[in-house]
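Asks: No letters, just coordinates:
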């Protein structure tokens, strides 16, 4: 099949999980024999969005150049449509984008289309996180558009008033997402997808009634990146390393919960050290160390040094890549029962799921793992096995995509 | 032979410090590169992996509200007589700091490793800033009204 992938934000090397997801999906579909082509919006030299060098990618790609003024709801759809038409695909895969995505998708509506959502961008036009005032937000822009428009306007106020907009805010303004018409545009675009792919059931539920052809497809990890070695068994008095990776600074990632859990543990024991990929040493204490940002190589090395990994998120993680990475590294994971994490971590088998925002529960499970080297090894080995069988990119694409693409033919 | 250039790579929290140091090292292979790590931040591995020559952590705590600390920081930077001053973001604060650093070349290095010259004059930065604020406030007034006055028809 000839498959066109349209992504308004894709860059390589990646800026985030959505880029990694698209890269592996396209690469694997190409390996499965499909004719693929990626169309990306290039947004100027200073922008990291759309920054690709087609010559270095393992699949064909076209960067459609836009200057800042042209990346708008009038020109972007026309230029993407022209580029896609010239390539004559059998189907279009609408990948990542902020507020211009519905306009481009509607311009391509003549093609059978798959829509892909990587976060809560349809449910939350404030920041796509669906997280407000320290807790998951129960609203959904598709159903409560007026409340959500006001919330977004209030939240984006400092950025808009500063006159210096990041890309999200720039598109919020350009696409006039604060107006009622944007809601119609978005709803129409979702309705016309022949299939929609999301990361978890919460995202699927958000689309219910608008598009019921929604498929939950997990993300993956690059298994070969993790040179799996069982952790060195440490004695009872030796310090075990508990590792938290990802954007630890974000409040919704639950660092405060981990610190509280660490304080509870520290009352009764001193055989652990918590490390977090955090750049602020003010958090440092006897049992906690901010280890700063790490590149991929550094991160893999940190996983290798860890005995236990922890993902104490208090928001509904769409997927929970760090949990899958920790499993690929063969480490037991203590994660919140939230979002995609609860599908990745198998409670009692590859780690523990703990109650969200409950330090005592987290401390209890961490204590259990610290006490039992055999349990850590068993869970870590099981985690690696599951990462290999369920989160390897090739397996994911060959399991989920062929039936979806069959649906595009009919 | 041209004299060895002195480069300041000023750290802000962000994932691309290693790339920034890499870019500076490849463009100025003979330069003496100082990694400046503000005291509220942990030095990233990149600063210790041989990508720079010196890691400087003596910068004072500073914020735009603390004029004395800002003045101390500027004095320290100027004392090193840098030829090149590189930052990771192009915020107004970093632009002003770069302009005051005394370096002839002031660069913003993007996450992709692109080098973009920063505005050089304080007056220009101030004009941009004022224009942005004025425009931003007008735009926001409209957004605020539109989000409240117009309703989605269901």
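Replies: That came in fine, so what should we check first? The model shown is predicted, which means the values in this text are computed figures rather than measured ones.

Asks: Got the confidence number for the nearest residue to residue A:120 once chain neighbours are set aside?
Replies: In this structure, residue A:120 finds its nearest non-sequential neighbour in residue A:130, 4.0 Å apart by CB to CB, 6 or more residues apart in numbering or on different chains. Every residue, glycine included, has its C-beta placed from N, CA and C. Residue A:130 is assigned a predicted lDDT (pLDDT) of 92.

Asks: and what of residue A:241?
Replies: 95.

Asks: One more: residue B:104?
Replies: So, for residue B:104, pLDDT stands at 89.

Asks: Phi and psi next, for it.
Replies: Phi and psi for residue B:104, reported as degrees, to the nearest 10, are phi -70, psi -40.

Asks: got a list of what the residue nearest to residue A:120 touches?
Replies: Residue A:130 is in contact with A:120, A:123-124, A:136-137, A:139, A:315-316, counting by CB atoms under 8 Å, 6 or more residues apart in numbering or on different chains.

Asks: so residue B:109 makes contact with residue B:89?
Replies: No: at 9.3 Å, residue B:109 and residue B:89 do not qualify as touching, with contact defined as CB atoms under 8 Å.

Asks: still on that earlier bit, who wins for most neighbours among the contacts of residue A:130?
Replies: Using other CB atoms under 10 Å in any protein chain shown as the neighbour criterion, residue A:120 leads the contacts of residue A:130 with 28 neighbours.

Asks: May I have the residues that are in contact with the nearest residue to residue A:58 once chain neighbours are set aside?
Replies: Among residues not flanking residue A:58 along the chain, residue A:27 sits closest, at 5.6 Å (CB to CB, 6+ apart). Residues near residue A:27 by CB under 8 Å, 6+ apart: A:58-59, A:393.

Asks: Among the residues you listed, which lie within helices?
Replies: The helices, defined by DSSP state H, take in residue A:393 from the contacts of residue A:27.

Asks: ok, now which ones touch residue A:263?
Replies: Counting by CB under 8 Å, 6+ apart, residue A:263 makes contact with residue A:359.

Asks: Local confidence estimate at it?
Replies: On pLDDT, residue A:263 comes in at 95.

Asks: Ok, residue A:230 next?
Replies: Turning to residue A:230, the model gives it a pLDDT of 73.

Asks: Quick check: it vs residue A:380, distance?
Replies: In this view, residue A:230 and residue A:380 are 7 Å apart by CB to CB, to the nearest Å.

Asks: Of those two, which one has the most company?
Replies: Legend: neighbour count by other CB under 10 Å for residue A:230 and residue A:380, higher for residue A:380 (27 against 12).

Asks: What sits closest to that one if chain neighbours are left out?
Replies: The shortest distance from residue A:380 to any non-neighbouring residue, by CB to CB, 6+ apart, is to residue A:330 (4.4 Å).

Asks: how many neighbours does the one you found have?
Replies: Using other CB under 10 Å, residue A:330 is surrounded by 26 other residues.

Asks: So it is in contact with residue A:381, correct?
Replies: Yes: counting by CB under 8 Å, residue A:330 touches residue A:381, with 6.4 Å between them.

Asks: quick one on the thing from earlier: find the pair from the contacts of residue A:130 with maximum spatial separation.
Replies: The most widely separated members of the contacts of residue A:130, counting by CB to CB, are A:139 and A:315 (14.1 Å).

Asks: Can you select the buried ones from the contacts of residue A:27 in PyMOL?
Replies: Command for PyMOL that selects the buried part of the contacts of residue A:27, burial taken from 16 or more other CB atoms under 10 Å in any protein chain shown:
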select buried, chain A and resi 59+393
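
Asks: hmm, back to that, anything in contact with each of residue A:230 and residue A:380?
Replies: Shared contacts of residue A:230 and residue A:380 (CB under 8 Å, 6+ apart): residue A:330.

Asks: before we move on, back to that, neighbour count: residue B:109 and residue B:89, which is higher?
Replies: Remark: of residue B:109 and residue B:89, residue B:109 carries more neighbours, 24 against 16, as counted by other CB under 10 Å.

Asks: what's the distance between that one and chain A?
Replies: Going from residue B:109 to chain A by CB to the nearest CB, to the nearest Å gives 11 Å.

Asks: quick one, what contacts that residue?
Replies: Residue B:109 makes contact with B:16, B:19-20, B:23-24, B:86-88, B:115-116, according to CB under 8 Å, 6+ apart.

Asks: quick revisit: which element is the residue nearest to residue A:58 on?
Replies: Using DSSP states H and E, the element containing residue A:27 is helix A:17-31.

Asks: mind listing what's buried in that helix?
Replies: Quick answer for helix A:17-31 (16+ other CB under 10 Å): A:17-30.

Asks: Among these, show me the least confident.
Replies: Ranked by pLDDT, these bottom out at residue A:17, which scores 84.

Asks: Can you find the helix or strand of chain B with the lowest average pLDDT?
Replies: Within chain B, no helix or strand scores below strand B:54-56, which has a mean of 79 by mean pLDDT, DSSP states H and E.

Asks: Output the contacting helices and strands for the following helix or strand past it.
Replies: Sequence order places helix B:67-79 as the next helix or strand after strand B:54-56, per DSSP H and E. Here helix B:67-79 touches helix B:92-100, going by 3 or more CB pairs under 8 Å, 6 or more residues apart in numbering or on different chains; DSSP states H and E.

Asks: does any part of the helix it packs on sit near chain A?
Replies: Yes: interface with chain A: helix B:92-100 contributes residue B:92 (CB under 8 Å from any CB of the partner chain).

Asks: what packs against that helix?
Replies: The helices and strands touching helix B:92-100, judged by 3+ CB pairs under 8 Å, 6+ apart, are strand B:6-10, helix B:67-79, strand B:84-87, strand B:105-109, helix B:122-149.

Asks: So for residue B:52, which of the ones you listed sits nearest?
Replies: strand B:6-10 (6.3 Å).

Asks: Tell me the gap between whatever helix or strand comes next after the closest one and the middle of its chain.
Replies: Downstream of strand B:6-10, the next assigned helix or strand under DSSP H and E is helix B:17-27. Relative to its parent chain, helix B:17-27 has a centroid offset of 15 Å by CA atoms, centre = their mean, to the nearest Å.

Asks: Same check on stretch A:308-317?
Replies: With CA atoms, centre = their mean, you get 13 Å for stretch A:308-317.

Asks: Backbone dihedrals for residue A:336, please?
Replies: phi -70, psi 150.

Asks: And for the closest residue to it other than its chain neighbours, the neighbour number?
Replies: Nearest residue to residue A:336, sequence neighbours excluded (CB to CB, 6+ apart): residue A:356, at 4.4 Å. When neighbours are defined as other CB under 10 Å, residue A:356 has 23 of them.

Asks: what's around residue 117, how many residues?
Replies: Using chain A here. With other CB under 10 Å as criterion, residue A:117 counts 27.

Asks: Wait, chain B was what I had in mind.
Replies: Using other CB under 10 Å, residue B:117 is surrounded by 10 other residues.

Asks: Quick check: pLDDT value at it.
Replies: 88.
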